[in-house]
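A.B. asks: Have a look; sequence and predicted model below, questions after that.
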Amino acid sequence: MSSFLIDYWWLLLIAFIVFSGLVTVNQGTIAVITMFGKYQRILRPGLGFKIPVLEQIYKRVSIQNRSVELEFQAVTVDQANVYFKSMLLYSVQNQDEETIKRVAFKFISDKDLMQALIRTVEGSIRAFVATKRQAEILTARREIVEYVKDQIDHSLEEWGYHLQDLQINDITFDQAIMESMSRVVASNNLKAAAENEGQALLITKTKGAEAEGNAIKIAAEAEREAARLRGQGVALFRQEVAKGMTEAAEQMKQANLDTNVILFSMWTEAVKNFAEYGKGNVIFLDGSADGMEKTMKQIQALMVKQAGQ
């Protein structure tokens, strides 16, 4: 009976030792095993085994991406204070054993790693900003990121980490500087608006002047054409009158009649026309015999002149 109990206790002890050596490593982490304080090996995600009592889990190293937010101040070369808000994304460089050893033993705790990482990034950004002027900072986000990555990649590699991304979310200045920058932007906008309005007004006036000039030119051409046509009409009218009077005179000569009858008829027709189309206007005519004779002579001379032409 006693031997059975002894065997039973031995089985329980062996089972306890075996089960106490089983280790579960979560996905996304790697367990670092030490023996007597010295690095021994690593355990990857899943179920593993360590020698009970002798081997210890020194640290569980996360191989997932980690992020940290940064807020700090820098000074430009022209002594302007710049305030940054940024996000840093980093991770373990790879899952190789040597890399995991560096990650596990370079820093005592994650707090020390975080402090060193933040100070390194802040120092790199401050060094870059110190070479730039205030007006250049807002357009230098990409340059800052590239500069920081180039500066700290070597240090992070020695620690076993890799900088995945650095995002500068916000860049601000002192209140007085922000207000002055706003005024500069507003004045530039007003200047651009005034220039655009001036150009628009110039174009409008230029086009208006061109249109007016073209209208005057067209009107002058039309007036000239109308005057030419009126002149041709008057000339044709005179030719027809002269032709008609000549034919009438020839016919009266053939009939042995006095040609002055034609002049008298023209005189009476003219008086009739004055009366019909005068529209109430007062027209003074010399109705005496001498006046009519004088008018007849003028008409006769005109007829002679037209016949000569």
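C.D. replies: In hand now; what should we look at?

A.B. asks: Just say helix, strand or coil for residue 85.
C.D. replies: Three-state call for residue 85 (DSSP: H, G, I helix; E, B strand; the rest coil): strand.

A.B. asks: what's around the nearest residue to it once chain neighbours are set aside, how many residues?
C.D. replies: Nearest residue to residue 85 in three dimensions, chain neighbours excluded: residue 170, at 4.0 Å (C-beta to C-beta, 6 or more residues apart in numbering). Using the backbone N, CA and C atoms, a C-beta is placed for each residue, glycine as well. Residues near residue 170, counting by other C-beta atoms under 10 Å, number 9.

A.B. asks: Over to residue 159?
C.D. replies: 20.

A.B. asks: correct me, but it touches residue 105?
C.D. replies: No: using C-beta atoms under 8 Å, residue 159 is not in contact with residue 105; the gap is 10.3 Å.

A.B. asks: my read is the residue nearest to residue 85 is in a strand, agree?
C.D. replies: Yes: assigned with three-state DSSP, residue 170 falls within a strand.

A.B. asks: and residue 95, which of the three is it?
C.D. replies: Put simply, residue 95 is coil when judged by three-state DSSP.

A.B. asks: my guess is it meets residue 45, correct?
C.D. replies: No: counting by C-beta under 8 Å, residue 45 is not a contact partner of residue 95; they are 10.0 Å apart.

A.B. asks: Can you pull the residues that touch both of these two?
C.D. replies: The contact sets of residue 95 and residue 45 overlap at residue 30 (C-beta atoms under 8 Å, 6 or more residues apart in numbering).

A.B. asks: what about stretch 160-175, average pLDDT?
C.D. replies: Average pLDDT, stretch 160-175: 82.

A.B. asks: Which residues belonging to that stretch are considered buried?
C.D. replies: Residues of stretch 160-175 classed as buried by neighbour count (16 or more other C-beta atoms under 10 Å): 160, 161, 162, 163, 166, 168, 171, 173.

A.B. asks: Run the chain-centre distance for that stretch.
C.D. replies: 27 Å (C-alpha atoms, centre = their mean, to the nearest Å).

A.B. asks: Convert that stretch to CSV, retaining C-alpha atoms only.
C.D. replies: Only the C-alpha atoms of stretch 160-175 are listed here, as CSV (Å, rounded to 0.1, in the frame of the first residue of the first chain):
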residue,chain,number,x,y,z
GLY,A,160,16.1,46.3,-33.2
TYR,A,161,13.3,48.7,-34.3
HIS,A,162,12.2,50.2,-37.5
LEU,A,163,10.4,53.6,-38.1
GLN,A,164,7.2,52.8,-40.1
ASP,A,165,5.8,56.3,-40.4
LEU,A,166,6.0,59.8,-39.0
GLN,A,167,3.0,62.0,-39.4
ILE,A,168,3.1,65.7,-38.6
ASN,A,169,-0.6,66.4,-37.9
ASP,A,170,-0.4,70.0,-36.8
ILE,A,171,2.1,72.9,-37.0
THR,A,172,1.3,76.1,-35.2
PHE,A,173,3.1,79.3,-34.1
ASP,A,174,2.7,81.9,-31.4
GLN,A,175,-0.6,83.8,-31.4
